[in-house]
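Q: Structure of the sequence below:
(one chain, ligands or ions: 1)
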Amino acid sequence: MTIAFFSCHPYEQPFLDAANGNARHQLRFLPQPLTPETVALATDCTAVCVFVNDALTRPTLQALADHHIRLVALRCTGYNQVDVPTARELGIRILRVPTYSPYAVAEHAVALLLALNRKTHLAYQRTKANNFTLDGLMGFDLYGKRIGVIGTGKIGAAFARIMLGFGCHVLGYDKLQSAVLQELGVEYRPLNEVLAMADVISLHCPLLPETHHLIDAPALARMKPGAYLINTSRGGLLDTPAVLDALQTGQLGALGIDVYELEDEFFFADWSAKSLPDAILNELTGQPNVLITAHQGFFTREAMEQIARTTLNNLTFLEQNQAPPDSSLVV
Ligand code: NAD
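A: Numbering: from 1, shown residues only. Model prediction:
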(Lines give C-alpha, C1' and ligand atoms only; values in the text may rest on other atoms or scores of the structure.)
Protein backbone atom coordinates (compact mmCIF):
# COMPACT_ATOMS: atom_id res chain seq x y z
CA MET A 1 0.00 0.00 0.00
CA THR A 2 1.02 3.63 -0.34
CA ILE A 3 1.57 5.24 3.05
CA ALA A 4 2.08 8.95 3.74
CA PHE A 5 4.28 9.59 6.78
CA PHE A 6 3.44 13.01 8.24
CA SER A 7 5.71 14.96 10.64
CA CYS A 8 8.49 12.74 9.35
CA HIS A 9 12.06 13.82 10.06
CA PRO A 10 15.10 12.73 8.00
CA TYR A 11 16.46 10.74 10.98
CA GLU A 12 13.38 8.44 10.92
CA GLN A 13 13.51 7.57 7.23
CA PRO A 14 16.40 5.03 7.24
CA PHE A 15 14.59 3.03 9.97
CA LEU A 16 11.33 3.01 7.99
CA ASP A 17 13.11 2.06 4.75
CA ALA A 18 14.96 -0.76 6.54
CA ALA A 19 11.71 -2.10 8.05
CA ASN A 20 10.00 -2.02 4.65
CA GLY A 21 11.34 -5.41 3.53
CA ASN A 22 11.57 -5.88 -0.26
CA ALA A 23 10.09 -2.38 -0.65
CA ARG A 24 6.69 -3.95 -0.08
CA HIS A 25 4.98 -0.63 0.60
CA GLN A 26 5.41 2.72 -1.10
CA LEU A 27 6.53 5.19 1.58
CA ARG A 28 5.98 8.92 1.15
CA PHE A 29 7.90 10.99 3.71
CA LEU A 30 6.38 14.39 4.46
CA PRO A 31 7.77 16.96 6.93
CA GLN A 32 4.34 18.60 7.34
CA PRO A 33 2.11 17.78 10.33
CA LEU A 34 -1.23 16.16 9.53
CA THR A 35 -3.96 18.82 9.55
CA PRO A 36 -7.22 19.19 7.58
CA GLU A 37 -5.24 21.32 5.11
CA THR A 38 -2.36 18.84 4.61
CA VAL A 39 -4.51 15.72 4.20
CA ALA A 40 -4.50 16.45 0.45
CA LEU A 41 -0.79 15.50 0.35
CA ALA A 42 -1.95 11.91 0.93
CA THR A 43 -4.70 11.95 -1.70
CA ASP A 44 -3.75 8.67 -3.42
CA CYS A 45 -2.58 6.89 -0.24
CA THR A 46 -4.27 3.98 1.54
CA ALA A 47 -2.89 4.92 4.95
CA VAL A 48 -1.35 7.84 6.79
CA CYS A 49 1.19 7.49 9.56
CA VAL A 50 1.57 10.23 12.19
CA PHE A 51 3.53 11.10 15.33
CA VAL A 52 2.73 12.29 18.87
CA ASN A 53 1.80 15.89 18.09
CA ASP A 54 -0.40 15.27 15.04
CA ALA A 55 -3.82 15.89 16.59
CA LEU A 56 -6.44 13.54 15.17
CA THR A 57 -9.34 15.87 15.89
CA ARG A 58 -12.77 15.67 14.26
CA PRO A 59 -11.88 18.09 11.39
CA THR A 60 -8.71 16.12 10.56
CA LEU A 61 -10.48 12.75 10.76
CA GLN A 62 -13.33 14.13 8.63
CA ALA A 63 -10.81 15.38 6.04
CA LEU A 64 -9.23 11.89 5.95
CA ALA A 65 -12.65 10.28 5.46
CA ASP A 66 -13.44 12.80 2.69
CA HIS A 67 -10.24 11.62 0.95
CA HIS A 68 -11.32 7.97 1.45
CA ILE A 69 -8.41 7.33 3.85
CA ARG A 70 -9.58 5.05 6.62
CA LEU A 71 -6.32 3.80 8.05
CA VAL A 72 -4.09 5.72 10.45
CA ALA A 73 -0.93 4.32 12.04
CA LEU A 74 0.53 6.16 15.05
CA ARG A 75 4.33 5.96 15.39
CA CYS A 76 3.91 6.12 19.17
CA THR A 77 2.31 4.37 22.14
CA GLY A 78 0.07 7.05 23.67
CA TYR A 79 -3.10 7.96 21.77
CA ASN A 80 -4.40 10.87 23.85
CA GLN A 81 -4.21 12.98 20.67
CA VAL A 82 -6.93 10.89 18.97
CA ASP A 83 -10.66 11.68 19.03
CA VAL A 84 -11.52 7.99 19.39
CA PRO A 85 -15.37 8.29 19.22
CA THR A 86 -15.14 10.29 15.97
CA ALA A 87 -12.68 7.79 14.44
CA ARG A 88 -15.12 5.00 15.33
CA GLU A 89 -18.09 6.94 13.91
CA LEU A 90 -16.24 7.56 10.62
CA GLY A 91 -15.01 3.96 10.36
CA ILE A 92 -11.33 4.99 10.55
CA ARG A 93 -9.02 2.35 11.99
CA ILE A 94 -6.28 3.63 14.25
CA LEU A 95 -3.19 1.57 15.01
CA ARG A 96 -0.38 2.31 17.43
CA VAL A 97 2.94 0.88 18.58
CA PRO A 98 1.88 -0.63 21.91
CA THR A 99 5.36 -1.38 23.05
CA TYR A 100 8.92 -0.53 22.17
CA SER A 101 12.00 -0.30 24.32
CA PRO A 102 10.56 0.94 27.64
CA TYR A 103 14.24 1.27 28.65
CA ALA A 104 14.65 4.20 26.24
CA VAL A 105 12.18 6.39 28.14
CA ALA A 106 13.01 5.04 31.61
CA GLU A 107 16.74 5.64 31.10
CA HIS A 108 15.99 9.16 29.84
CA ALA A 109 14.00 9.88 33.02
CA VAL A 110 17.02 8.70 35.04
CA ALA A 111 19.30 10.91 32.91
CA LEU A 112 17.14 13.96 33.71
CA LEU A 113 17.17 13.11 37.42
CA LEU A 114 20.94 12.53 37.58
CA ALA A 115 21.73 15.70 35.64
CA LEU A 116 19.45 17.85 37.80
CA ASN A 117 20.72 16.37 41.05
CA ARG A 118 24.44 16.60 40.24
CA LYS A 119 23.95 19.81 38.18
CA THR A 120 25.77 18.26 35.22
CA HIS A 121 24.05 20.67 32.83
CA LEU A 122 25.45 23.64 34.82
CA ALA A 123 28.90 22.09 35.27
CA TYR A 124 29.10 21.48 31.50
CA GLN A 125 28.46 25.16 30.77
CA ARG A 126 31.00 26.23 33.41
CA THR A 127 33.87 24.00 32.29
CA LYS A 128 33.23 25.04 28.66
CA ALA A 129 34.05 28.56 29.86
CA ASN A 130 37.11 27.35 31.83
CA ASN A 131 35.30 27.92 35.13
CA PHE A 132 36.27 24.99 37.34
CA THR A 133 34.54 26.07 40.57
CA LEU A 134 32.03 23.93 42.47
CA ASP A 135 29.91 26.59 44.19
CA GLY A 136 26.21 25.80 43.78
CA LEU A 137 26.81 22.35 42.27
CA MET A 138 26.20 20.22 45.38
CA GLY A 139 23.74 17.34 44.96
CA PHE A 140 22.58 14.53 47.21
CA ASP A 141 23.09 10.75 47.32
CA LEU A 142 20.22 8.99 45.58
CA TYR A 143 21.11 5.91 47.65
CA GLY A 144 18.51 5.51 50.40
CA LYS A 145 16.14 8.18 49.03
CA ARG A 146 12.44 7.59 48.42
CA ILE A 147 11.46 7.61 44.75
CA GLY A 148 7.75 7.87 43.87
CA VAL A 149 6.77 6.20 40.60
CA ILE A 150 3.31 7.18 39.37
CA GLY A 151 2.23 4.56 36.83
CA THR A 152 4.17 1.31 37.10
CA GLY A 153 3.46 -0.10 33.63
CA LYS A 154 6.25 -0.93 31.18
CA ILE A 155 8.22 2.32 31.45
CA GLY A 156 7.47 2.92 35.15
CA ALA A 157 8.59 -0.64 35.95
CA ALA A 158 11.86 -0.19 34.02
CA PHE A 159 12.44 3.11 35.86
CA ALA A 160 11.62 1.50 39.24
CA ARG A 161 14.11 -1.33 38.62
CA ILE A 162 16.89 1.15 37.84
CA MET A 163 16.12 3.12 41.00
CA LEU A 164 16.09 -0.08 43.08
CA GLY A 165 19.54 -0.77 41.62
CA PHE A 166 20.69 2.62 42.92
CA GLY A 167 19.66 1.52 46.44
CA CYS A 168 16.58 3.75 46.53
CA HIS A 169 13.34 2.96 48.32
CA VAL A 170 10.71 2.88 45.56
CA LEU A 171 7.10 3.87 46.30
CA GLY A 172 4.59 3.02 43.59
CA TYR A 173 1.15 4.31 42.73
CA ASP A 174 -0.95 2.63 40.05
CA LYS A 175 -4.51 1.43 39.65
CA LEU A 176 -3.03 -2.01 38.97
CA GLN A 177 -0.32 -3.22 41.31
CA SER A 178 2.49 -5.40 39.98
CA ALA A 179 3.28 -8.45 42.11
CA VAL A 180 6.64 -8.76 40.34
CA LEU A 181 7.62 -5.22 41.34
CA GLN A 182 6.37 -5.79 44.88
CA GLU A 183 8.58 -8.85 45.10
CA LEU A 184 11.52 -6.72 43.96
CA GLY A 185 10.83 -4.28 46.79
CA VAL A 186 8.43 -1.67 45.37
CA GLU A 187 5.97 -0.52 48.03
CA TYR A 188 2.55 0.54 46.70
CA ARG A 189 0.86 3.42 48.52
CA PRO A 190 -2.10 5.73 47.79
CA LEU A 191 -1.21 8.71 45.59
CA ASN A 192 -1.33 11.27 48.40
CA GLU A 193 1.09 9.22 50.50
CA VAL A 194 3.51 8.78 47.61
CA LEU A 195 3.39 12.54 46.98
CA ALA A 196 3.99 13.34 50.66
CA MET A 197 6.78 10.81 51.24
CA ALA A 198 8.91 10.87 48.09
CA ASP A 199 12.11 12.86 47.55
CA VAL A 200 11.67 12.39 43.80
CA ILE A 201 8.44 11.85 41.85
CA SER A 202 8.59 10.42 38.32
CA LEU A 203 5.45 10.27 36.18
CA HIS A 204 4.81 7.26 33.94
CA CYS A 205 1.00 7.04 33.66
CA PRO A 206 -0.89 7.88 30.45
CA LEU A 207 -2.66 11.18 29.89
CA LEU A 208 -6.37 10.49 30.41
CA PRO A 209 -9.22 12.74 31.56
CA GLU A 210 -8.61 11.44 35.11
CA THR A 211 -4.85 12.14 35.00
CA HIS A 212 -5.07 15.58 33.34
CA HIS A 213 -3.23 18.02 35.67
CA LEU A 214 -2.59 15.19 38.13
CA ILE A 215 0.15 17.42 39.51
CA ASP A 216 -1.71 20.65 40.28
CA ALA A 217 -1.33 23.22 43.08
CA PRO A 218 -2.88 20.99 45.82
CA ALA A 219 -0.72 18.01 44.76
CA LEU A 220 2.40 20.21 44.75
CA ALA A 221 1.51 21.49 48.23
CA ARG A 222 1.32 17.88 49.46
CA MET A 223 4.80 17.09 48.17
CA LYS A 224 7.88 17.11 50.36
CA PRO A 225 9.44 20.61 50.28
CA GLY A 226 12.32 20.62 47.80
CA ALA A 227 11.24 17.36 46.09
CA TYR A 228 12.29 16.76 42.48
CA LEU A 229 9.67 16.16 39.77
CA ILE A 230 10.39 14.27 36.54
CA ASN A 231 7.86 14.00 33.71
CA THR A 232 8.67 11.94 30.62
CA SER A 233 5.05 10.88 30.06
CA ARG A 234 2.77 13.62 28.70
CA GLY A 235 2.80 17.37 29.32
CA GLY A 236 -0.88 17.47 30.29
CA LEU A 237 -0.13 15.58 33.52
CA LEU A 238 1.24 18.85 34.92
CA ASP A 239 -0.54 22.11 35.64
CA THR A 240 2.59 23.87 34.39
CA PRO A 241 1.87 27.39 35.78
CA ALA A 242 1.31 25.80 39.23
CA VAL A 243 4.59 23.87 38.83
CA LEU A 244 6.39 27.12 37.95
CA ASP A 245 4.96 28.78 41.09
CA ALA A 246 6.16 25.83 43.21
CA LEU A 247 9.65 26.12 41.69
CA GLN A 248 9.73 29.83 42.46
CA THR A 249 8.75 29.35 46.12
CA GLY A 250 11.19 26.44 46.54
CA GLN A 251 8.38 23.97 47.31
CA LEU A 252 9.63 22.09 44.25
CA GLY A 253 13.41 21.60 44.23
CA ALA A 254 13.88 20.82 40.55
CA LEU A 255 11.93 19.90 37.45
CA GLY A 256 12.97 17.60 34.60
CA ILE A 257 10.58 17.39 31.67
CA ASP A 258 10.69 15.69 28.29
CA VAL A 259 7.12 16.74 27.51
CA TYR A 260 5.17 19.99 27.74
CA GLU A 261 1.44 20.54 27.52
CA LEU A 262 1.75 23.00 24.62
CA GLU A 263 4.71 21.24 23.00
CA ASP A 264 3.06 20.64 19.63
CA GLU A 265 3.75 24.25 18.65
CA PHE A 266 7.45 24.17 19.59
CA PHE A 267 8.99 20.72 19.94
CA PHE A 268 10.79 19.14 16.96
CA ALA A 269 11.34 22.62 15.50
CA ASP A 270 14.21 25.14 15.73
CA TRP A 271 13.05 28.32 17.49
CA SER A 272 16.56 29.56 18.32
CA ALA A 273 16.38 32.52 15.92
CA LYS A 274 12.87 33.56 16.97
CA SER A 275 11.37 34.76 20.24
CA LEU A 276 9.28 32.11 21.94
CA PRO A 277 5.64 33.29 22.23
CA ASP A 278 5.05 31.22 25.38
CA ALA A 279 5.71 33.00 28.69
CA ILE A 280 5.65 29.81 30.76
CA LEU A 281 8.10 27.92 28.53
CA ASN A 282 10.37 31.02 28.47
CA GLU A 283 10.33 31.14 32.28
CA LEU A 284 11.07 27.43 32.55
CA THR A 285 14.00 27.43 30.11
CA GLY A 286 15.58 30.25 32.12
CA GLN A 287 15.60 28.39 35.48
CA PRO A 288 18.85 26.65 36.51
CA ASN A 289 16.92 23.92 38.35
CA VAL A 290 14.80 23.06 35.29
CA LEU A 291 16.00 20.69 32.59
CA ILE A 292 13.90 20.41 29.46
CA THR A 293 14.38 17.99 26.60
CA ALA A 294 12.12 18.14 23.55
CA HIS A 295 10.33 14.76 23.65
CA GLN A 296 13.42 12.65 23.01
CA GLY A 297 12.78 9.93 25.61
CA PHE A 298 11.93 7.43 22.85
CA PHE A 299 14.92 8.42 20.72
CA THR A 300 17.29 5.46 20.81
CA ARG A 301 18.38 3.26 17.92
CA GLU A 302 16.63 0.23 19.41
CA ALA A 303 13.34 2.08 19.92
CA MET A 304 13.42 3.57 16.41
CA GLU A 305 13.94 0.09 14.91
CA GLN A 306 11.02 -1.33 16.90
CA ILE A 307 8.69 1.59 16.10
CA ALA A 308 9.39 1.28 12.36
CA ARG A 309 9.04 -2.52 12.37
CA THR A 310 5.76 -2.60 14.34
CA THR A 311 4.23 0.24 12.31
CA LEU A 312 4.89 -1.45 8.97
CA ASN A 313 4.03 -4.96 10.24
CA ASN A 314 0.65 -3.70 11.49
CA LEU A 315 -0.13 -2.17 8.09
CA THR A 316 0.98 -5.37 6.33
CA PHE A 317 -1.38 -7.41 8.53
CA LEU A 318 -4.30 -5.22 7.48
CA GLU A 319 -3.30 -5.31 3.81
CA GLN A 320 -3.39 -9.11 4.01
CA ASN A 321 -6.79 -8.99 5.75
CA GLN A 322 -5.26 -10.37 8.93
CA ALA A 323 -5.82 -8.88 12.37
CA PRO A 324 -2.86 -7.06 13.90
CA PRO A 325 -2.21 -7.79 17.59
CA ASP A 326 -5.11 -6.51 19.72
CA SER A 327 -2.86 -4.19 21.69
CA SER A 328 -1.99 -2.32 18.46
CA LEU A 329 -5.63 -1.52 17.70
CA VAL A 330 -6.91 1.76 19.14
CA VAL A 331 -10.06 1.66 17.01
P1 NAD B 1 1.80 1.27 30.11
O2 NAD B 1 0.40 1.18 29.61
O3 NAD B 1 2.66 0.04 30.10
O4 NAD B 1 1.77 1.79 31.63
C5 NAD B 1 0.95 2.83 32.07
C6 NAD B 1 0.61 2.53 33.52
O7 NAD B 1 -0.17 3.63 34.03
C8 NAD B 1 -0.27 1.26 33.69
O9 NAD B 1 0.30 0.42 34.66
C10 NAD B 1 -1.62 1.81 34.13
O11 NAD B 1 -2.31 0.95 35.00
C12 NAD B 1 -1.19 3.08 34.82
N13 NAD B 1 -2.30 4.04 34.98
C14 NAD B 1 -3.36 4.24 34.18
N15 NAD B 1 -4.18 5.18 34.71
C16 NAD B 1 -3.59 5.56 35.87
C17 NAD B 1 -3.95 6.48 36.87
N18 NAD B 1 -5.09 7.20 36.78
N19 NAD B 1 -3.12 6.63 37.91
C20 NAD B 1 -1.97 5.89 38.02
N21 NAD B 1 -1.59 5.00 37.10
C22 NAD B 1 -2.38 4.84 36.04
O23 NAD B 1 2.47 2.45 29.31
P24 NAD B 1 4.04 2.74 29.15
O25 NAD B 1 4.53 2.09 27.91
O26 NAD B 1 4.72 2.50 30.44
O27 NAD B 1 4.00 4.32 28.82
C28 NAD B 1 3.62 5.24 29.81
C29 NAD B 1 3.49 6.61 29.18
O30 NAD B 1 4.77 7.07 28.76
C31 NAD B 1 2.65 6.64 27.88
O32 NAD B 1 1.27 6.76 28.16
C33 NAD B 1 3.17 7.86 27.18
O34 NAD B 1 2.39 8.96 27.55
C35 NAD B 1 4.58 8.04 27.75
N36 NAD B 1 5.64 7.87 26.74
C37 NAD B 1 6.54 8.87 26.56
C38 NAD B 1 7.56 8.73 25.63
C39 NAD B 1 8.61 9.80 25.43
O40 NAD B 1 9.29 9.77 24.40
N41 NAD B 1 8.79 10.72 26.35
C42 NAD B 1 7.61 7.57 24.86
C43 NAD B 1 6.69 6.56 25.08
C44 NAD B 1 5.70 6.71 26.02
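
Q: what about residue 285, neighbour count?
A: Applying other Cβ atoms under 10 Å, we find 12 residues neighbouring residue 285. Glycine gets a C-beta too; all of them are placed from N, C-alpha and C.

Q: Name the nearest residue to it, sequence neighbours excluded.
A: Spatial nearest neighbour of residue 285, chain neighbours left out: residue 292 (6.1 Å); criterion: Cβ to Cβ, 6 or more residues apart in numbering.

Q: any idea how far the closest residue to the ligand within the chain lies from residue 61?
A: Closest to the ligand within the chain is residue 153: 1.7 Å, counting by Cβ to the nearest ligand atom. Distance of residue 153 to residue 61, given as Cβ to Cβ, to the nearest Å: 27 Å.

Q: again, but for residue 102
A: On the measure of Cβ to Cβ, residue 102 and residue 61 end up 29 Å apart.

Q: ok, back up a step: look up the pLDDT of the residue of the chain closest to the ligand for me, please.
A: Looking at residue 153, its pLDDT reads 97.

Q: Direction included, what does the helix or strand hosting residue 147 pair against?
A: If you go by DSSP states H and E, residue 147 is part of strand 146-150. If you go by DSSP bridges, strand 146-150 pairs up with strand 169-173 (parallel), strand 200-203 (parallel).

Q: which one of the ones you listed is the most hemmed in?
A: Highest mean neighbour count of the strands paired with strand 146-150: strand 200-203, a mean of 26 (counted as mean count of other Cβ atoms under 10 Å).

Q: Quick check: next helix or strand after it?
A: Note on strand 200-203: by DSSP H and E, the next helix or strand toward the C-terminus is helix 217-222.

Q: What parts of the protein come near the ligand?
A: 77-78, 102, 105, 150-156, 173-176, 204-208, 210-211, 232-234, 258-259, 295, 297-298 (Cβ under 6 Å from any ligand atom).

Q: From those, list the buried ones, please.
A: Taking 16 or more other Cβ atoms under 10 Å as the criterion, what is buried in these is 77, 102, 105, 150-156, 173-174, 204-205, 207, 211, 232-234, 258-259, 295, 297-298.

Q: Now, those residues that are in strands?
A: Taking DSSP state E, the ones among those that sit in strands are 150, 173.

Q: list the helices and strands the longest helix along the chain packs on?
A: Longest helix in the chain, counting residues (DSSP state H): helix 301-319. Judged by 3 or more Cβ pairs under 8 Å, 6 or more residues apart in numbering; DSSP states H and E, the packing partners of helix 301-319 are helix 13-19, strand 47-50, strand 71-74, strand 93-95, helix 102-118.
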